[in-house]
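> Predicted structure and sequence below. I'll ask about it afterward.
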Amino acid sequence: MKKIFIFICLGIIMAAAGETMAESKPLQLSITPDVAIYDRNTTIEGLTLGIWSENPQKALALGVVSGSSGNSSGFSIGWLVNYADSYKGVQWAPVNYNKGDFVGWQYGGLNYTKGSSRGLHTGLVNYAGNLTGVQLGFVNYAATATSGVQIGIINLIPKNEWFTGFPGELAPGMIIVNWRF
């Protein structure tokens with residue numbers, strides 16, 4: 001009876017250790033988030049390669065569509081789209097989308113951060129819910145700006161007033177350059 005109890009305890013400890021080790025993996029290969037080596041809830045700390053991947057990660061992510069869930073970080077290169085809940089690092093794709101906050105550099109055709117964006121946006125169209133940093137593009141939009149500069153053809157910060165806060169803010173809309181500090 002004592003041996004059975006010891007084996008049961010060892011089994012429980014090994015299962016718990018296996019669960020702890022399963023929380024993070026160094027490599028993810030995926031065709032879709034549901035057709036992958038590891039499920040979409042497994043954190044990847046290393047390299048993610050996929051046609052369409054979606055994991056919490058601290059990784060280099062390469063794919064046609066690269067998705068990051070939770071608070072992720074790293075370097076994400078998507079041939080079509082990068083998307084994330086919240087991301088720190090670099091995102092390069094024709095479309096970069098963050099439904100939360102972003103810290104780092106986004107490079108692409110459309111860069112969209114619904115939450116706060118701290119860093120650099122370089123693209124044709126750049127959008128930030130709250131900008132702290134620089135936007136370089138043809139059209140730049142920041143719903144609000146804590147401290148930021150926009151350089152492009154059309155630059156919009158609707159919370160700015162027309163030249164009343166100069167030099168701390170320029171205007172709600174300007175060509176070439178707009179800012180708020």
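Received the coordinates, thanks.

> and the residue nearest to the spatial centre of the chain, which of the three is it?
In the chain, the residue lying closest to the centroid (Cα atoms, centre = their mean) is residue 87, at 3.0 Å. Put simply, residue 87 is strand when judged by DSSP: H, G, I helix; E, B strand; the rest coil.

> residue contacts, it?
68, 72-73, 76, 98, 100-104 (Cβ atoms under 8 Å, 6 or more residues apart in numbering). C-betas here are computed from N, CA, C, even on glycine.

> ditto for residue 106
Contacts for residue 106 (Cβ under 8 Å, 6+ apart) come out as 90-92, 96, 113, 117, 119-123, 126.

> Out of the helices and strands in this protein, which is least certain?
helix 2-22 (a mean of 42; mean pLDDT, DSSP states H and E).

> Show me what counts as buried in the next helix-or-strand element following it.
Using DSSP states H and E, the helix or strand that follows helix 2-22 in sequence is strand 24-32. Buried positions in strand 24-32, judged by neighbour count with 16 or more other Cβ atoms under 10 Å: 25, 28, 30.

> now those as CSV including pLDDT and distance to residue 55?
Formatted as CSV, the buried residues of strand 24-32 follow (pLDDT from 0 to 100; distance: Cβ to Cβ, whole Å):
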residue, pLDDT, distance to residue 55
25, 95, 9
28, 95, 6
30, 96, 8
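
> Now tabulate those residues in JSON lines and tack on distance to residue 166.
Listed next are these as JSON lines, based on distance: Cβ to Cβ, whole Å:
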{"residue": "25", "distance to residue 166": "53"}
{"residue": "28", "distance to residue 166": "50"}
{"residue": "30", "distance to residue 166": "51"}
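
> which among these gets closest to residue 45?
residue 25 (7.4 Å; Cβ to Cβ).

> What separation is there between that closest one and residue 68?
15 Å (Cβ to Cβ, to the nearest Å).

> Name the next helix or strand following the helix or strand residue 108 falls within along the chain.
Assigned by DSSP H and E, residue 108 belongs to strand 102-136. Where DSSP H and E defines the elements, the next helix or strand beyond strand 102-136 is strand 139-156.

> tilt between the strand holding residue 108 and strand 139-156?
Between strand 102-136 and strand 139-156, the angle comes out at 40 degrees (axes from the mean of the first three to the mean of the last three Cα atoms, to 10 degrees).
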